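Asker: Okay, predicted coordinates and the sequence, questions at the end:
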Amino acid sequence: MFTSKPASLLRLSSLASGERLQHHKFELERLEQSYRKEHLQTHLQSTIKKRSPAILNLVATYNKMCDDLRTMIRRRKAPRTAVPPLPIQRDNLFKLDVDDTIWQDVGLEDEFLEPPNVVG
């Protein structure tokens, strides 16, 4: 005689197998995301290490120009409306935040500056 009990067991067994497969799939996705995040972190650290000397040199040049502009303003050799740009702090330069001075354009976009006199 054929009963529905084996079919019910087969159905429950296949549902359980499906749930285990879904669980393993999600577990593999989490591992894959973790690997990608770790790989990205390693890549970023390597890139920063390679590029940091050039970036620090550029920051030093920019800060020197800020000092020169501040001196020109103090000696009144700059337009009256000139505002000195903020120097970029080297500390935590590579841990940028949206409020860091590197994103500020203070004193760099003066619309009312007069063109310099050119000696002919």
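Answerer: Thanks, I have the structure now.

Asker: just the helices in this structure please.
Answerer: 5-74 (DSSP state H).

Asker: Check the burial of residue 46 by counting its neighbours.
Answerer: Neighbour count for residue 46, taken as other Cβ atoms under 10 Å: 10. For every residue, glycine as well, the C-beta is placed using N, CA and C.

Asker: What residues does it make contact with?
Answerer: Under the criterion of Cβ atoms under 8 Å, 6 or more residues apart in numbering, the contact list for residue 46 is empty.

Asker: ok, it to residue 40 distance?
Answerer: 11 Å (Cβ to Cβ, to the nearest Å).

Asker: Repeat that for residue 57.
Answerer: Residue 57 is 26 Å from residue 40, by Cβ to Cβ.

Asker: swap in residue 11?
Answerer: Relative to residue 40, and taking Cβ to Cβ, residue 11 is found at 43 Å.

Asker: now residue 14
Answerer: 39 Å.

Asker: Residue 28 too?
Answerer: 18 Å.

Asker: go on, residue 89?
Answerer: Taking Cβ to Cβ, one finds residue 89 at 26 Å from residue 40.

Asker: got it, and residue 53?
Answerer: 22 Å.

Asker: count of neighbours near the nearest residue to residue 84 once chain neighbours are set aside?
Answerer: Once flanking residues are discounted, residue 84 sits nearest to residue 70: 4.4 Å by Cβ to Cβ, 6 or more residues apart in numbering. Neighbour count of residue 70, defined by other Cβ under 10 Å: 16.

Asker: Settle this for me: residue 70 is touching residue 82, isn't it.
Answerer: No: using Cβ atoms under 8 Å, residue 70 makes no contact with residue 82, being 9.7 Å away.
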